[in-house]
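Colleague: what follows is a predicted structure for the sequence shown.
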Amino acid sequence: MGQRSAPRRNRLLPALLGTLALTAGGVAPAAAAHDREDPQVLLVCNASTVSCPSSSAHQYGTIQAAADAARTGDWVLVWPGVYHEKATKEAGVLITTPGIHIRGLDRNRVVVDGSNGTAAQPCPADLTSQDTTGRSGIEVSKADDVSIENLTVCNYLSGTDGSGGNQIWWNGGDGSGQIGLHGYHGAYLTATSGYGSADPSASMAQYGIFASNATGPADIAHTYASNMGDSDYYVGACRNICGVTLTDAHGQNSAIGFSGINSGGYTISDSEFDNNRTGIVVNSLNNDDAPPPQDGSCVGAPQRSCTFIEHNYIHKNNNPNVPVSGLAGAIGAGIEISGGHGDTLRGNRIEQQGSWGVVLHDFPDSETPPPLSHCQGGVQLTGVCVFLSYGNVVAANQFSGNGSFGNPTNGDLANESTTAPHNCFYGNRGTGGGAPTSDPASIQSRAVDGPPCGQGAGVGDDQLLAGELVCAAGFGPCPVPDAAYPQRTGLELAPFTAQASMRRPCAGLPRNAFCR
């Protein structure tokens, strides 16, 4: 699947073995229309870290066993413990029943661990404890309306063939070019890895929280992801019909914080992305995330945007020492739109990005595509499919301290594309509230790339900026002598920190032996 991120070192804190609070929690997602009237609670406990409650009620020893027994509308409730789930070669936990709900009783102490390590030391860093089969963690395969809440998934690594490595995955048909999953919900989730590699061809955790070939209504809230070789978060292969809201997300120390390939019709809001190589990359690719292109417009109203990246805090995504697998974005970019159109970036706070706060550009994709992808939405030239960036709006963002790498074109805002309708910039403020730095200069003026939006060709900078982007992505030399971007000096994995758990995990559940 396109570009993927790698894991960083993860040390679960002693808090994982702390006091269990059965009063932590959230509100149960609305039942699917096809849910039965008498949902059951299936209990899971393996006593790996905490003794199981004394009860005559039947308990399953694995999450997979309970998921297999569950019917639509049922709950799978998981007692604290470390669960080394390896149900199939494809997934640790494979869910194929629609409308079931998986919930842990404590986000930090219910750990689904893909390694061969011990329960005493989950998510280990050493190579000898890893399972490199090429398996994903919890995978929902073509099953509608499945929710996953209040748990941690770690150390599910890719195989030598590139398979697996997704920690939590709603999979509607990877590589099919079709939508095969409708509706999903995730909340209070942590996706990370204690093991990583500086070798881009090595096994590593690739994606944290991942949705592909799926549409909404869907939401992912109160989540954390880190140490991924491709991206902390991924939404793709759903062009302009993704229908998901990502809110209160925190992505760190990965190749990309959020990756959106051939996707649109979603919202990323009130989230934080920092210490990645690149913050957010929204792009078109002529690959198995078909069909291209990336399209942020509204269904039936292509002149309007239905893709919003808004009210986020994006900062210090300049890290060359994260795991990296496959394509990577331009290092030091806060938000990069590569060959995408119809997206709206507004009200974000973007700070201390070494290259660009926001950069928009066309993308020439020279990869050999699979049969289902044939440069839809692009311009086919000899040996290359060119995806154009146009009709994006960048408005009312606040920038500070960007462009510190000091190379030509580095700064708050940059636009390479000249396609109509032009990428439009207005109302953005730079350091101290003044005009933002930009390439081309005075980017918000009417004479360059300012309002009125939705019409005319852009000015852009299709010369020097294109060369700088090639250099920043590591695809070629810098166009200006002595220009430089940070290079890898080693591998650094972010330590795990305990995350906020549900305040009331028993809320909304039928009475059961775990919730009294």
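Modeller: Great, that's in hand. Model, not experiment: these values are computed from the prediction.
Colleague: CA atoms for contacts and neighbours, from now on please.
Modeller: Noted.
Colleague: residue ranges with poor pLDDT in the stretch 351-500 of the chain?
Modeller: The stretch 351-500 of the chain contains no residues with pLDDT under 70.
Colleague: any chance you could map the strands in it?
Modeller: Taking DSSP state E, counting those that start in this stretch as the criterion, the stretch 351-500 of the chain carries its strands at 356-361, 363-365, 379-381, 384-387, 393-395, 398-400, 411-415, 424-426, 438-439.
Colleague: distance to Val41 and mean neighbour count added to these, as CSV?
Modeller: Converted to CSV, those look like this (distance: least, Cα to Cα, whole Å; neighbours: other Cα atoms under 10 Å):
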stretch, distance to Val41, mean neighbour count
strand 356-361, 47, 29
strand 363-365, 49, 21
strand 379-381, 53, 13
strand 384-387, 49, 22
strand 393-395, 47, 23
strand 398-400, 47, 25
strand 411-415, 51, 30
strand 424-426, 52, 24
strand 438-439, 56, 22
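Colleague: and Cys506, which of those is closest to it?
Modeller: Across the strands of the stretch 351-500 of the chain, Cys506 has its closest neighbour in strand 398-400 (40.5 Å, Cα to Cα).
Colleague: show me what that closest one packs onto, helices and strands only.
Modeller: Strand 398-400 sits against strand 349-351, with contacts defined as 3 or more Cα pairs under 8 Å, 6 or more residues apart in numbering; DSSP states H and E.
Colleague: who's in contact with the strand it packs on?
Modeller: Strand 349-351 is contacted from outside by 311-316, 334, 357, 397-402, using Cα atoms under 8 Å, 6 or more residues apart in numbering.
Colleague: from the residues you listed, which is closest to Ser366?
Modeller: Set against Ser366, the nearest of the contacts of strand 349-351 by Cα to Cα is Gly334 (24.7 Å).
Colleague: before we move on, the earlier item: take the contacts of strand 349-351 and lay them out in TSV including distance to Gly340.
Modeller: Listed next are the contacts of strand 349-351 as TSV, based on distance: Cα to Cα, whole Å:
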residue	distance to Gly340
His311	20
Asn312	20
Tyr313	22
Ile314	20
His315	22
Lys316	24
Gly334	16
Gly357	17
Asn397	19
Gln398	22
Phe399	22
Ser400	25
Gly401	26
Asn402	23
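Colleague: okay, now the unreliable bits of the protein?
Modeller: Those would be 1-37, 56, if you go by pLDDT under 70 across the chain.
Colleague: could you rerun that using 90?
Modeller: Where the chain drops to pLDDT under 90, the residues are 1-38, 54-58, 160-162, 326-329, 462-463, 474-476, 480-483, 516.
Colleague: what about the nearest residue to Ser305 once chain neighbours are set aside, neighbour count?
Modeller: Once flanking residues are discounted, Ser305 sits nearest to Ser297: 4.3 Å by Cα to Cα, 6 or more residues apart in numbering. Residues contacting Ser297 under the criterion other Cα atoms under 10 Å number 24.
Colleague: repeat for Ala435
Modeller: 16.
Colleague: right, and it touches Tyr426 too?
Modeller: No - the pair Ala435 / Tyr426 is not scored as a contact, 10.2 Å apart, by Cα atoms under 8 Å.
Colleague: where does Leu127 fall, phi/psi-wise?
Modeller: Main-chain dihedrals, Leu127, degrees, to the nearest 10: phi -60, psi -40.
Colleague: surely it and Ala202 touch.
Modeller: No - counting by Cα under 8 Å, Leu127 sits too far from Ala202 to count as a contact (11.2 Å).
Colleague: quick one: contacts for the most centrally placed residue in the chain?
Modeller: Closest residue to the average C-alpha location of the chain: Tyr233 at 0.8 Å, with Cα atoms, centre = their mean. By Cα under 8 Å, 6+ apart, Tyr233 lies in contact with 207-210, 225, 251, 257-259.
Colleague: where does it sit: helix, strand or coil?
Modeller: Here Tyr233 is strand, with the state taken from DSSP: H, G, I helix; E, B strand; the rest coil.
Colleague: so what's it bridging to?
Modeller: With DSSP bridges as the criterion, Tyr233 is bridged to Ile209, Phe258.
Colleague: against Ala225, how distant is it?
Modeller: Using Cα to Cα, to the nearest Å, Tyr233 is found at 7 Å from Ala225.
Colleague: overlap in contacts of those two?
Modeller: Common neighbours of Tyr233 and Ala225 (Cα under 8 Å, 6+ apart) are 208-209, 251.
Colleague: closest one of those residues to Asp145?
Modeller: When these are compared for distance to Asp145 (Cα to Cα), Ile209 wins out at 16.2 Å.
Colleague: next, count neighbours for the closest one.
Modeller: Ile209: 29 surrounding residues under other Cα under 10 Å.
Colleague: let me see the contact set for it.
Modeller: Counting by Cα under 8 Å, 6+ apart, Ile209 touches 166-169, 191, 225, 232-234.
Colleague: could you dump those to JSON lines with distance to Asn46?
Modeller: Formatted as JSON lines, those follow (distance: Cα to Cα, whole Å):
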{"residue": "Asn166", "distance to Asn46": "24"}
{"residue": "Gln167", "distance to Asn46": "21"}
{"residue": "Ile168", "distance to Asn46": "21"}
{"residue": "Trp169", "distance to Asn46": "24"}
{"residue": "Ala191", "distance to Asn46": "21"}
{"residue": "Ala225", "distance to Asn46": "25"}
{"residue": "Asp232", "distance to Asn46": "29"}
{"residue": "Tyr233", "distance to Asn46": "30"}
{"residue": "Tyr234", "distance to Asn46": "31"}
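Colleague: out of those residues, which one sits closest to Pro80?
Modeller: Among those, Ala191 lies closest to Pro80 (Cα to Cα), at 16.5 Å.
Colleague: next one: phi and psi at that closest one?
Modeller: Per-residue torsions, Ala191: phi -130, psi 120 (degrees, to the nearest 10).
Colleague: quick one: residues contacting it.
Modeller: Neighbour list for Ala191: 152-154, 167-168, 208-209, 224-226, 232 [criterion: Cα under 8 Å, 6+ apart].
Colleague: state the distance from it to Gln499.
Modeller: Applying Cα to Cα, the value for Ala191 to Gln499 is 11 Å.
Colleague: where do the contact lists of these two overlap?
Modeller: Counting by Cα under 8 Å, 6+ apart, the residues touching both Ala191 and Gln499 are Tyr224.
Colleague: can you show me the CA trace of stretch 348-358 as PDB?
Modeller: Only the C-alpha atoms of stretch 348-358 are listed here, as PDB (Å, rounded to 0.1, in the frame of the first residue of the first chain):
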ATOM      1  CA  ASN A 348      -3.900  25.300  12.000                       C
ATOM      2  CA  ARG A 349      -0.900  26.300  14.200                       C
ATOM      3  CA  ILE A 350       2.300  25.300  12.300                       C
ATOM      4  CA  GLU A 351       5.600  26.000  14.000                       C
ATOM      5  CA  GLN A 352       9.300  25.200  13.800                       C
ATOM      6  CA  GLN A 353       9.200  23.300  10.500                       C
ATOM      7  CA  GLY A 354      12.600  23.300   9.000                       C
ATOM      8  CA  SER A 355      11.600  23.300   5.400                       C
ATOM      9  CA  TRP A 356       8.000  24.500   4.900                       C
ATOM     10  CA  GLY A 357       5.000  25.100   7.100                       C
ATOM     11  CA  VAL A 358       2.700  24.200   4.100                       C
END
